[in-house]
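J.: Mind looking at a prediction? Sequence and model below.
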Amino acid sequence: MKYFNIDMHISIVHDVKTLFPEMGHEIDSCCMSGHTWVNQESQCQTEVIHPRNWFYINDEMCDQFYEKYKDELKDYDGFIHSYPPAFAALFEKFDKPIYTIACTRYEYPCGCGPQGSLERLHWLNEKLMTGYNNGQIKFIANNLYDKKYCEEFVGGEWKFIPSICSYVSHLRCTGEMGKIIIWDRNRDGLRSSLNHEMIEQRFSVSQVYDRNQIPNVSGIIHIPYNISIMSAFEHYAMGIPMFVPSYDLLTKWKNDGRHVLSELEFSDNLNKPVKDEWIKLADWYDKDNMPGVMLFDSIEHLYELIDTYDREEVTSIMKDSYDDKKRKVISLWEETLS
């Protein structure tokens, strides 16, 4: 089968687009994200919806999209997209299956942001639930947190199908750089407080980087800015040892006002505040999904782990888990598409 995609997220559908050919399917994609350079692709746009107006999405824009592209897209078997879930409305009139993948909080741009309002949030929820109830929209979440979140605030059952990032699985951790890098978007000095001879401070995710060089590191310290991060899935697929703060430490940092989980929710979100206990649903705390991730309870504990871990052993655990997870994910997708 052949599917069409429009997205503002570079990695979610890139993951699925790489996986689908192994099941005999393909996806044509139009990614409007400004970060397409990560996948060495060009930014795409349509005549109706594009990077400068997508946050105004409404019934009129969806009608215009259908009238403009109804002939061009009529032969596709269905549509698949991730961010934002509001894009499901673009495909409603095509009367084909729509696979909506939740990968972060679903509300933007209707329930938060400059164009957010209660009226638009109700419009979004109604669009999603109408499509779900009539069988056109299939709800999927690539992480347990957004599965819980969407079931709480949208309704329906969101099927958990984790991302596996097979597009980087050919890259294997070598450790030849001999250093551990920090993966964060921290701006309050937490990064600079990490002082260990193995830690390389100069790398920053805020700068353009070559993803092919990442496996040369000996490990990555994740200071999470969100509850599910595609780069964490990528690093796991490469077998790079990952150091992550434990649930107790991460929630302490969050409640102390440290700059962690800064993208956990939109600041002007019209839905209710997120519950701290849901943070336990983060990818790196799921031992079935990500065994081998090393959790630290303090900075001193992090240094102990760095001094004692066996890179090759950890990489081996991650590889075995990844191979098993890939088989399960393919089975879940085959079941969903059938």
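T.: Cool, got the structure.

J.: all strands for the stretch 151-300 of the chain, in order.
T.: All strands of the stretch 151-300 of the chain, identified by DSSP state E, counting those that start in this stretch, fall at 159-160, 180-183, 199-200, 219-222, 242-245, 294-296.

J.: Could I get these in JSON lines, plus columns for distance to Gln136, mean neighbour count and mean pLDDT?
T.: C-beta: built from backbone N, CA, C; applies to glycine. Supplementary listing: the strands of the stretch 151-300 of the chain in JSON lines, determined by distance: least, Cβ to Cβ, whole Å; neighbours: other Cβ atoms under 10 Å; pLDDT from 0 to 100:
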{"stretch": "strand 159-160", "distance to Gln136": "15", "mean neighbour count": "16", "mean pLDDT": "98"}
{"stretch": "strand 180-183", "distance to Gln136": "38", "mean neighbour count": "23", "mean pLDDT": "96"}
{"stretch": "strand 199-200", "distance to Gln136": "49", "mean neighbour count": "16", "mean pLDDT": "94"}
{"stretch": "strand 219-222", "distance to Gln136": "37", "mean neighbour count": "22", "mean pLDDT": "97"}
{"stretch": "strand 242-245", "distance to Gln136": "38", "mean neighbour count": "23", "mean pLDDT": "98"}
{"stretch": "strand 294-296", "distance to Gln136": "41", "mean neighbour count": "18", "mean pLDDT": "98"}
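
J.: would a markdown table of the ones you listed with distance to Pro85 be doable?
T.: Shown next, in a markdown table, are those (distance: least, Cβ to Cβ, whole Å):
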| stretch | distance to Pro85 |
| --- | --- |
| strand 159-160 | 14 |
| strand 180-183 | 26 |
| strand 199-200 | 37 |
| strand 219-222 | 26 |
| strand 242-245 | 27 |
| strand 294-296 | 31 |
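
J.: Would you tell me which of those strands gets closest to Ala232?
T.: Closest to Ala232 of the strands of the stretch 151-300 of the chain is strand 219-222 (Cβ to Cβ; 6.1 Å).

J.: tell me what that closest one is packed against?
T.: strand 180-183, helix 230-238, strand 242-245 (3 or more Cβ pairs under 8 Å, 6 or more residues apart in numbering; DSSP states H and E).

J.: what's the closest of the ones you listed to Arg311?
T.: Going by Cβ to Cβ, the one of those nearest Arg311 is strand 180-183, 9.9 Å.

J.: Tell me which residues touch Asp286, please.
T.: Residues near Asp286 by Cβ atoms under 8 Å, 6 or more residues apart in numbering: Leu144.

J.: so what's the backbone phi/psi at it?
T.: Note on Asp286: its backbone torsions stand at phi -90, psi 100 [degrees, to the nearest 10].

J.: For it, give its distance to Lys147.
T.: Distance from Asp286 to Lys147, counting by Cβ to Cβ, to the nearest Å: 12 Å.

J.: Please parse the protein into its domains.
T.: The chain breaks down by automatic domain parsing into domains covering 2-161, 167-324.

J.: All set, thanks.
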